Structure formats: structure tokens, C-alpha cells
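Participant: mind folding the following:
(one chain, ligands or ions: 2)
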Amino acid sequence: MIVVMNEGATEAQIEHVKEKLAALGFGIHYSKGVERTVLGVIGQKSPGLLESIEAMEGVEKIVPIMKPFKLASQEFKRETTIVDVSGVKIGSSKLVVMAGPCAVENEEQMLLTAKAVKKAGASMLRGGAFKPRTSPYAFQGLEEDGLKILKQVSREVGIPFVTEVVNPRDVDLVVEYADMLQIGARNMQNFTLLKEVGKTKKPVMLKRGLAATIEEWLMAAEYILSEGNYDVVLCERGIRTYETSTRNTLDLSAIPTIKRLSHLPVVVDPSHASGKRHLVLPLSRAAIAAGADGLIIEVHPDPENALSDGPQSLTFDGFDEVMKKLEPIATAMERQI
Ligand code: PEP
Ligand code: MN
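Facilitator: Ligands and ions are numbered 1, 2, ... in the order given. The predicted structure follows:
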């Protein structure tokens, strides 16, 4: 349920309500919006509780949240959450483009890429140091050496980065380096991992599972939020369908659906959604037109020789062209890119 405070409720009144709820054993999540201050209250209700809280000074009303996801819901918070990743704001009118290779391969590759994508207008760098590969024989990533390269290059070029963490035992290590943690599609329902990243203070990009419904995806976000980490960005990266001509099928309707159900920002990954370089531009255009808050795009200095996902990676020139061609769509949506 949520406790909605009066517009003029004092800090002391809000504190008093929080103390009372805490004493009753509830988990409390605070949200101070432009329109209203609400307290999200998670726990088992007891008889007479609603009346006693509703009677407190400063309380306007108590509203039950009907959806299974609570803190991720529009009922809890109406305004879009703006997630600040080392100064880059995801969810604002400026679209955030994250770009870089699938996997970190070496320092030169990352340095060249970081410079090129920044120049073309990307505001974040991407690159995997821990790779969740379908085959155990495929390149698994440089692990901590990859994180070191990412950090070094990101500092040198002045661009924050997102990188995936695949194992709960590596969360502390990745937190030491990354500006944003990525939870990959294959781990969307790895609840131990979700709880672990929920305990950190790093922003998290949560990719949609290969066969996850929107509700399951929001429930996965709820795991992170319920641990106290509210900086969650959702990423639609295509779902598994019967269609084989693309790697996955981009679920465009997920974007406006999420916008209706949740306050969390949504970005789109046209690279993993399609698996094909030539589809990155049209899917990016469509994603922006559907209301996405940003994009994550794979870019490689030499896609033909990439250690992973070469066929869907753009060259530097290709990425530059995509960025230029997205401008009119962004403008039409009253956003900047
Ligand atoms: C990735 O972004 O590197 C990745 C592995 O994507 P996904 O988890 O969406 O397959
Ligand atoms: Mn990839």
C-alpha cells in the first residue's frame, strides 16, 4: 500500500508516520515527487492498521497497490524516474545512447571505440568483461582485466560505462569499477543476483529475459528496488519468437506499455534484438518513436574480426551515420540526442 501525505505535511509529520510504520515492522520506501510525497509500505497488514495510519497528522489517504509490482508501479510514483549515471541522466528529455563493443578485447580496441562513439554523440560506453555466452567454448571475457581497461579508457576519454555482472560473487568487484551495472537477459530472474545488486548504490540496467513477460520483468525490477536501490533502467532487447530471420523479435509495444505501468526509464537494444547490423537504424528509429529514453548499440572498430557479436556490430562510420539519422526522429518526439 502507499501512504499519501498532504501537500503541506511537515517533515516532522512525515518522520512520525515513518517511525510508526517502522515500529510495526513494515519496510518503508520514500518518494518525494513534484505533486506529492508518498511512503510505499511493504508488509502484511493487520486489522485496524489502515484506520490508525489514516488518522495521523499530515496523512491524506492510504491507497492499496493492486499490481504485484509495487515500488516499480506508476501508483507508487507518477513522474518518470531520472537515473543519474555519473552525471548522465537517463529518463530526461535528452536521449541517452550507450555504445561500444559486445566484449572488451584489449585496451586499443576500447580506446578507439570510446573516442569514436563519444565523438558521434554517445554519452555512455558499453563493453562486457564477463560474457554470458551460449557456448562454453566461446570467448568468456577478460574479467577483472577487462574492468581495468574499461575504467582506464572511460577516465581518459571522459565517458561513463555500463558493464555486465553475471555472478553474485562478482558484484563487489564490478561495483569497484563500473558506473552502471548490467543484468543480462539470461540473468533477469537470477534472484540472488538481483538482490545483490539491489544492495549496492550503483545504477542498474536490467535487460528483459529472452522469454519474460512484461510483468515478470517488472517483478525482477521490484527485487532490486525492494532492496533499496531505486536507480533501475529497463532495457528491451528483443524476445524469443518463432521468427528465425532475426536473432530475436523487438517488442516495440513493451515501451509504451512499461511507460503506462511504471515510472522506470526504458532503453532499447536494437543490436541484440535483431542480430543484424542493417536493422540497427530502423529499430532505433522505431524505438525512439515509441517513447524509449535511450539506446544501447554495439559498435566495434573491426566487426569482421570481433570476438563476439560481429554481425550486429556497427563500424565507427556506421554508428556516426545512425546517430545523424536519429536526430529528426528525436526532434519529432520533442527530445534531444
Ligand atoms: C550484452 O548486452 O552484451 C548481452 C549479452 O545482451 P543480452 O543479455 O541482452 O543478451
Ligand atoms: Mn553482444
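Participant: mind listing the helices for the protein?
Facilitator: Ranges of helices in the chain, per DSSP state H, are 11-23, 49-54, 107-120, 144-157, 171-177, 191-198, 214-226, 254-261, 270-274, 280-289, 316-332.
Participant: now for these, which one comes closest to ligand 2?
Facilitator: Nearest to ligand 2 among those is helix 270-274 (5.8 Å), distances taken as C-beta to the ion. Quick note: C-beta positions are derived from backbone N, CA and C, even for glycine.
Participant: what mean pLDDT does the closest one get?
Facilitator: For helix 270-274, mean pLDDT is 98.
Participant: could you do stretch 241-254 as well?
Facilitator: 98.
Participant: and stretch 192-201, by the same measure?
Facilitator: The model assigns stretch 192-201 a mean pLDDT of 98.
Participant: what residues sit buried inside that stretch?
Facilitator: For stretch 192-201, a neighbour-count test (16 or more other C-beta atoms under 10 Å) marks 193, 194, 195, 196, 197, 198, 200 as buried.
Participant: which one is the last one nearest to, not counting chain neighbours?
Facilitator: This points to residue 200. Nearest non-adjacent residue to residue 200, counting by C-beta to C-beta, 6 or more residues apart in numbering: residue 175, 5.2 Å away.
Participant: quick one: contacts for the one you found?
Facilitator: Neighbouring residues of residue 175 by C-beta atoms under 8 Å, 6 or more residues apart in numbering: 181, 200, 202.
Participant: could these go into a markdown table alongside distance to ligand 1?
Facilitator: As requested, those are exported to a markdown table (distance: C-beta to the nearest ligand atom, whole Å):
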| residue | distance to ligand 1 |
| --- | --- |
| 181 | 12 |
| 200 | 19 |
| 202 | 17 |
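Participant: show only the entries of those found in strands.
Facilitator: Of the contacts of residue 175, the ones assigned to strands by DSSP state E are residue 181.
Participant: gap between residue 292 and residue 266?
Facilitator: From residue 292 across to residue 266, the span is 6 Å (C-beta to C-beta, to the nearest Å).
Participant: okay, and the common contacts of the two?
Facilitator: 236, 255.
Participant: sorry, back to before: how near is the residue nearest to residue 200 to residue 168?
Facilitator: Taking C-beta to C-beta, one finds residue 175 at 12 Å from residue 168.
Participant: what of residue 116?
Facilitator: Counting by C-beta to C-beta - residue 116 and residue 168 are separated by 34 Å.
Participant: which of those two has more neighbours?
Facilitator: residue 116 (20 against 16; other C-beta atoms under 10 Å).
Participant: can you redo the helices of the chain as TSV with distance to residue 87?
Facilitator: Shown next, in TSV, are those (distance: least, C-beta to C-beta, whole Å):
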stretch	distance to residue 87
helix 11-23	29
helix 49-54	39
helix 107-120	14
helix 144-157	12
helix 171-177	17
helix 191-198	21
helix 214-226	22
helix 254-261	24
helix 270-274	25
helix 280-289	22
helix 316-332	20
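Participant: wait, what's in contact with residue 273?
Facilitator: So residue 273 contacts 236, 237, 238, 246, 247, 248, 249, 250, 279, 283 (C-beta under 8 Å, 6+ apart).
Participant: mind redoing it with 7 Å?
Facilitator: By C-beta atoms under 7 Å, 6 or more residues apart in numbering, the residues touching residue 273 are 237, 238, 248, 250, 283.
Participant: filter these down to the ones near ligand 1?
Facilitator: residue 237 (C-beta under 6 Å from any ligand atom).
Participant: name the nearest of the contacts of residue 273 relative to ligand 2.
Facilitator: Nearest member of the contacts of residue 273 to ligand 2, counting by C-beta to the ion, is residue 237, at 9.5 Å.
Participant: isn't that closest one up against residue 207?
Facilitator: Yes: using C-beta atoms under 7 Å, residue 237 makes contact with residue 207 at a distance of 5.1 Å.
Participant: for residue 222, list the residues it contacts.
Facilitator: Counted by C-beta under 7 Å, 6+ apart, residue 222 has contacts 69, 70, 71, 72.
Participant: which of these are buried?
Facilitator: When the contacts of residue 222 are checked for burial by 16+ other C-beta under 10 Å, the buried set is 69, 70, 71, 72.
Participant: go through these and say which is closest to ligand 2.
Facilitator: Using C-beta to the ion, the buried ones among the contacts of residue 222 come closest to ligand 2 at residue 72, 25.9 Å.
Participant: I'd assumed residue 218 was in contact with that closest one.
Facilitator: Yes: if you go by C-beta under 7 Å, residue 72 and residue 218 touch, sitting 4.9 Å apart.
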